[in-house]
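Enquirer: Next one to model:
(chains A, B, C and D, ligands or ions: 4)
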Amino acid sequence: MHYAPAPLHIPDGFLNVTVSVICWVITVIVIGVAVSRTNKALGEKQVPLMGIMAAFIFAAQMINFPIAGGTSGHLLGGALAAIVLGPWAGMLVMTAVIAVQGLLFQDGGLLVMGANIFNMGLLTAAIGYGLYRSVMNKSTATKLAVAGVAAWLSVMAGALATALQLWLSGTSSLQAVTITMLSVHALIGIGEALITVAALSFIFRTRPDLLGEGSVSAESGRGWIIAGVVISLIVILLSPLASANPDGLERVATDLGFIDAGQAAPFNIIADYTVPFLGKTPLSTILAGILGAFIVIGIVVATGRTLQKKSS
Amino acid sequence: MTNVLSVRNLHFSYHDHHQALRGVSFDLCEGDKAALVGPNGAGKSTLMLHLNGILHGEGEVIVAGERLSRDNLPAIRAMVGLVFQNPDDQLFSPTVFEDVAFGPLHMGLPKDEVIERVEAALQAVRMSNYRDRMSHHLSVGEKKRIAIATVLSMKPQILVLDEPTAGLDPRARRTLINLLRELPITMLVSTHDMRMVEELFPRMIVMDEGLIVADGDTRRILSDEKFLNEHGLEKP
Amino acid sequence: MTNVLSVRNLHFSYHDHHQALRGVSFDLCEGDKAALVGPNGAGKSTLMLHLNGILHGEGEVIVAGERLSRDNLPAIRAMVGLVFQNPDDQLFSPTVFEDVAFGPLHMGLPKDEVIERVEAALQAVRMSNYRDRMSHHLSVGEKKRIAIATVLSMKPQILVLDEPTAGLDPRARRTLINLLRELPITMLVSTHDMRMVEELFPRMIVMDEGLIVADGDTRRILSDEKFLNEHGLEKP
Amino acid sequence: MHFDVFDRYHDTGSFLHRLEPRVKVIVTVVFIFSNVFLPDGAWLAFGLSWLFVLFANALSNLGLAFTFKRSFIALPFALAAITVLFSIPGSPISTFHFLFWELTITDAGLLRFVSIVIRSWLSVQMAILLVATTRFPDIVHALEHLRVPAILTTIIAFLYRYLFVLVDEVFRLLRAREARSAAVTGLRSGGSVAWRAEVAGNMAGQLFLRSYERSDRVYNAMLARGYTGHLNTIYPHEMRRVDYVTIALTLLIILLFQLIGRI
Ligand SMILES: Nc1ncnc2c1ncn2[C@@H]1O[C@H](COP(=O)(O)OP(=O)(O)OP(=O)(O)O)[C@@H](O)[C@H]1O
Ligand SMILES: Nc1ncnc2c1ncn2[C@@H]1O[C@H](COP(=O)(O)OP(=O)(O)OP(=O)(O)O)[C@@H](O)[C@H]1O
Ligand SMILES: [Mg+2]
Ligand SMILES: [Mg+2]
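Expert: Ligands and ions are numbered 1, 2, ... in the order given. Reported below is the predicted structural model:
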């Protein structure tokens, strides 16, 4: 069994509730948009296609190649999926892949699935597609080169986001986690880039019609280019800051209130875990706990509902 | 004649503890052309995967006098050429040339020799003018021939083919049979095509439930209708 | 006997302008069992995909007196049951039961009848005890039978099978042949298995390069060796 | 080929197996939520949560140690948390040298590290139990009932169905490459890393193309059987009284853990 995807799948327990919920909210919103866009843009024919493409990404993650000393490279696939299927469909496909990995193989947790989808599905698709789209009309060689860079950056973006989430959850120290995550994934990203480029060039040679103008993947436009470039720039600027100068980032985060929001548990919503008019009694603490839980669940459910309505 | 392949008391179980091979022994001499037949699930493919070390069971596999082990695996793979049933399982490169060149390239041969070997292998299966075609767009019969070329280019001493005629139309099947007849290599061929067995292979090895239940002269075995019925086979 | 299926002067080209059908006409009467043979690439599968409207060419396809058009497509699909060559293309639901129920459910039948039909179809292919199995855990032969059940549950008037015996071992092939013999439905079966044609089908339709080159009594056609050779076929 | 390895479902027909999938999905998620929500060092609540897992194991007839034996999947990730041992201020427990650094483990750091690992370990056990007692298609139906968009559940359903077909395909591709990865004495075999990566990429491309073309054929097969854009199902998936009672009870128990963990 070579089932060994990149070590980006965060298990449950490593992110705190606040970070998990925030990631879920962002992910649910983006997926909601993706659902309504794909529902509109693609016929019912695309559903089996996307299902099989999701299975493809899953299976392709098992194709490895020996690098040296017993280590091997393999694919994450977010950038490739978005380049071939278009950004929205690519995101849905990656979401399905990550959901099945978490649900069926416990590869990545359930509560943190929002974060995992964000890191490995949404960021990678935005970067992969955005950069690739910016050279849509250039030569094949340019497209392949940019796709390679995009694939590498997408892995770095996922690694950086994972590191930041772990730090905000108070699970790791900022510098240690960013340095290890980024240096490991700088290597993994090279494998990702090589395989993505080779796979794309294979498709260019055999079925160019699937990648040209007028294909599914050519539909969306400028917004993606901007998104892709901006996220790439953030990754490029933030990575050195986080790994070489963590104090700087820490300072910024504190100023913006991120750290407080992240590291202090979410009961801060209700000050000191007590309901004011009941004073500091155990009952008050209990009620505060229940209330806090309901607020968070309420937010999640409400967001889900609205998105559900929008999408159907 | 010398033994080029010996299998001694080979046992193998898959993860789910299903015993696929339960003590298989046989020998192939140089120049032998033997058919391996038996019902679905008899263990034919499993046995073939042992012959170049893709699976490792208990027992011995001896190729050209050397006992197969982890150390000499790459060398054994250069000697035993394995062709899978489905040509799509065999071909993973974009063009025919790249696919046929994979084996020689991986062996680290110099470029000239790689090219020479590819040409020779394509010649042998009469596919020289296909070298720059995409394997993906070929017909099944063409793919099968390319699959054989990918192995011939490694100049194996033994050719092991898993169900080479399945899914071919009669003409393509005929072409393949002629090709196999002409190739001057030791070969072991698994198949459900009893007419090809009768026509092409003087020797026949029958497997059922992980055991060899008969090994000998094809005509003699094919004339024993009761035996064939017992093992899910049919007279051609 | 009445015509249940008529095809009149059917033409079809794929996107790459390859003309796969170049004027095909034939009729099937109720109860007919006809084989469709011809070399790889003759257009057999293409023709079959027209019979329930998956592909639309120029010309007419008339099922049970109704000309196939966009409006009566669902009705036609309920009448013509199409089984693809590769069962993995046919089975897409998680369990056998759901797969066999897919057709009836999409016809909008009431629940009880859906269940009843599923049971009957599984009975017909002798797979009743497989209803809760996962389709992907079955052997090729079992998958083939389930694939046929998925179509039987729709109670089609015509069964169209694309190469049903490819890849089956002799015993599984025999079981399938017996099943087809017993099924009292009009059927059109494409195959490269000339012995099955001889044994099972009184009528034989030969295609080559997008045209029907012979249509008639199987024994008569199979005795014309010169004709068979011209179209890449072989005497069984 | 058979990849039963991928099927985590073990049928024992137990009470848990017969429970409505929605209930199991909700309870699992709430349980995980509760673990993560418990403060560091809530040992009593962690212990009770583990008893809860054991009790669920008992109800599943899979054996008490079933989830325990499989629960170490997430452990390697604990490395990511190891830095909290040193980075959280507190009274030092022990100090040692690693390369050029002098590292001091603090009591607060240790407390946090152990809590994180326990949370993860408890959560993963529940998730394991969920897939061991619920067929995956039922989980997907449950997600549908829980208002996950249909397009997503349909994609997941197809993903699951084709996973086995495509994984088989990958294994055959890998096998083909392996079978021809030969060497002869005196020559350096294997080629360059870039060439090996290219071959892997070609295999991915090959797989993509086959998957893509297969999806076309599957779509045809669905059309042939009357598909018009919506997957219908015949499974009732109804909440019975026992399901309501179970979900109410377990949620109460989990709430109790929260209270105990916070007092
Ligand atoms: N990967 C696997 N895991 C578990 N069991 C397997 C696996 N591959 C094959 N088997 C089982 O091992 C037995 C032998 O399988 P094998 O593929 O060798 O049969 P075969 O003789 O080649 O059959 P066929 O004629 O269908 O190709 C069968 O019962 C099969 O179900
Ligand atoms: N999707 C497609 N796009 C383009 N050309 C196609 C496509 N499918 C088939 N063809 C071509 O159309 C012709 C007829 O193909 P078809 O699949 O109908 O042949 P067949 O008689 O079924 O052959 P076989 O015996 O191999 O199944 C062939 O030349 C084939 O290459
Ligand atoms: Mg086999
Ligand atoms: Mg065909």
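
Enquirer: When you work out contacts or count neighbours from here on, use the C-alpha atoms and nothing else.
Expert: Fine.

Enquirer: Where does the residue nearest to residue A:98 when sequence neighbours are not counted fall, secondary structure wise?
Expert: Excluding its sequence neighbours, the residue lying closest to residue A:98 (CA to CA, 6 or more residues apart in numbering or on different chains) is residue A:117, at 6.4 Å. Using DSSP states H and E, residue A:117 maps to helix A:113-117.

Enquirer: Tell me which stretches of chain B form strands.
Expert: Remark: strands assigned in chain B by DSSP state E are B:3-13, B:19-29, B:33-37, B:58-63, B:66-67, B:80-83, B:158-162, B:186-190, B:203-208, B:211-217.

Enquirer: Does the lengthiest helix in chain A reach chain D?
Expert: Ordering each helix of chain A by length in residues (DSSP state H) puts helix A:174-206 first. Yes. Part of helix A:174-206 sits near chain D under the criterion CA under 8 Å from any CA of the partner chain, namely A:176-177, A:191, A:194-203.

Enquirer: can you list the strands of chain B in a markdown table and add mean neighbour count, distance to chain A and mean pLDDT?
Expert: Below are those laid out as a markdown table (neighbours: other CA atoms under 10 Å in any protein chain shown; distance: least, CA to the nearest CA, whole Å; pLDDT from 0 to 100):
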| stretch | mean neighbour count | distance to chain A | mean pLDDT |
| --- | --- | --- | --- |
| strand B:3-13 | 19 | 16 | 92 |
| strand B:19-29 | 18 | 19 | 92 |
| strand B:33-37 | 25 | 29 | 94 |
| strand B:58-63 | 19 | 20 | 92 |
| strand B:66-67 | 15 | 25 | 88 |
| strand B:80-83 | 27 | 20 | 92 |
| strand B:158-162 | 24 | 23 | 93 |
| strand B:186-190 | 23 | 27 | 94 |
| strand B:203-208 | 22 | 28 | 94 |
| strand B:211-217 | 16 | 27 | 94 |
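
Enquirer: Now tabulate these in a markdown table and tack on distance to ligand 1.
Expert: Formatted as a markdown table, the strands of chain B follow (distance: least, CA to the nearest ligand atom, whole Å):
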| stretch | distance to ligand 1 |
| --- | --- |
| strand B:3-13 | 8 |
| strand B:19-29 | 5 |
| strand B:33-37 | 8 |
| strand B:58-63 | 16 |
| strand B:66-67 | 22 |
| strand B:80-83 | 13 |
| strand B:158-162 | 8 |
| strand B:186-190 | 8 |
| strand B:203-208 | 8 |
| strand B:211-217 | 10 |
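
Enquirer: For the helix or strand harbouring residue A:234, give the mean pLDDT please.
Expert: Following DSSP H and E, the helix or strand that holds residue A:234 is helix A:222-244. Across helix A:222-244, pLDDT averages out at 82.

Enquirer: likewise stretch A:24-33?
Expert: When pLDDT is averaged over stretch A:24-33, the result is 92.

Enquirer: ok, now stretch D:250-257?
Expert: On average, stretch D:250-257 scores 91.

Enquirer: quick one: the strands in the chain?
Expert: No chain was given, so I picked chain A. Under the criterion DSSP E, chain A contains strands at A:64-68, A:71-74.

Enquirer: ah, no, chain D please
Expert: For chain D, the strands defined by DSSP E occupy D:92-98, D:101-106.

Enquirer: can you tell me the distance between the two ends of stretch D:12-23?
Expert: 18 Å (CA to CA, to the nearest Å).

Enquirer: Excluding its own residues, what touches that stretch? List them.
Expert: The contact list for stretch D:12-23, computed with CA atoms under 8 Å, 6 or more residues apart in numbering or on different chains, reads D:11, D:56, D:59-62, D:133-134, D:138-139, D:142-143, D:145-146, D:237-240, D:243, D:246-247.

Enquirer: hang on, the earlier thing: save the residues of helix A:174-206 next to chain D as CSV, and put in neighbour count and pLDDT too.
Expert: Shown next, in CSV, are the residues of helix A:174-206 next to chain D (neighbours: other CA atoms under 10 Å in any protein chain shown; pLDDT from 0 to 100):
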residue, neighbour count, pLDDT
A:176, 20, 80
A:177, 26, 83
A:191, 29, 83
A:194, 29, 86
A:195, 35, 86
A:196, 35, 91
A:197, 27, 90
A:198, 23, 86
A:199, 27, 87
A:200, 28, 90
A:201, 22, 88
A:202, 25, 86
A:203, 22, 85
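
Enquirer: before we move on, the earlier item: average pLDDT across the helix holding residue A:117?
Expert: 94.

Enquirer: residues of it that come out buried?
Expert: Neighbour counts over helix A:113-117 (16 or more other CA atoms under 10 Å in any protein chain shown) mark A:113, A:114, A:115, A:116, A:117 as buried.

Enquirer: Tabulate those residues in TSV, adding columns for distance to residue B:57.
Expert: Shown next, in TSV, are these (distance: CA to CA, whole Å):
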residue	distance to residue B:57
A:113	41
A:114	44
A:115	44
A:116	40
A:117	41
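
Enquirer: what sits against whatever residue of chain A ends up closest to chain C?
Expert: Nearest to chain C in chain A, going by CA to the nearest CA, is residue A:48, at a distance of 9.4 Å. Listed by CA under 8 Å, 6+ apart, the contact partners of residue A:48 are D:154, D:155, D:158, D:215, D:218, D:219.

Enquirer: of the residues you listed, list those near chain A.
Expert: The subset of these within reach of chain A, by CA under 8 Å from any CA, is D:154, D:155, D:158, D:215, D:218, D:219.

Enquirer: If you tally nearby residues, what's the number for the first one?
Expert: Using other CA atoms under 10 Å in any protein chain shown as the criterion, residue D:154 is surrounded by 21 other residues.

Enquirer: Stretch B:106-123 near chain D anywhere?
Expert: Yes. Interface with chain D: stretch B:106-123 contributes B:106, B:107, B:108, B:109 (CA under 8 Å from any CA).

Enquirer: now, which of those sits nearest chain C?
Expert: Closest to chain C out of those is residue B:106 (32.3 Å), distances taken as CA to the nearest CA.

Enquirer: Not counting sequence-adjacent ones, nearest residue to that closest one?
Expert: residue D:190 (4.7 Å).

Enquirer: wouldn't that neighbour be in contact with residue D:181 here?
Expert: Yes. Counting by CA atoms under 8 Å, residue D:190 does reach residue D:181; the two are 7.4 Å apart.

Enquirer: Between the two, which contacts overlap?
Expert: Contact criterion CA under 8 Å, 6+ apart; residues shared by residue D:190 and residue D:181: B:106, B:107.
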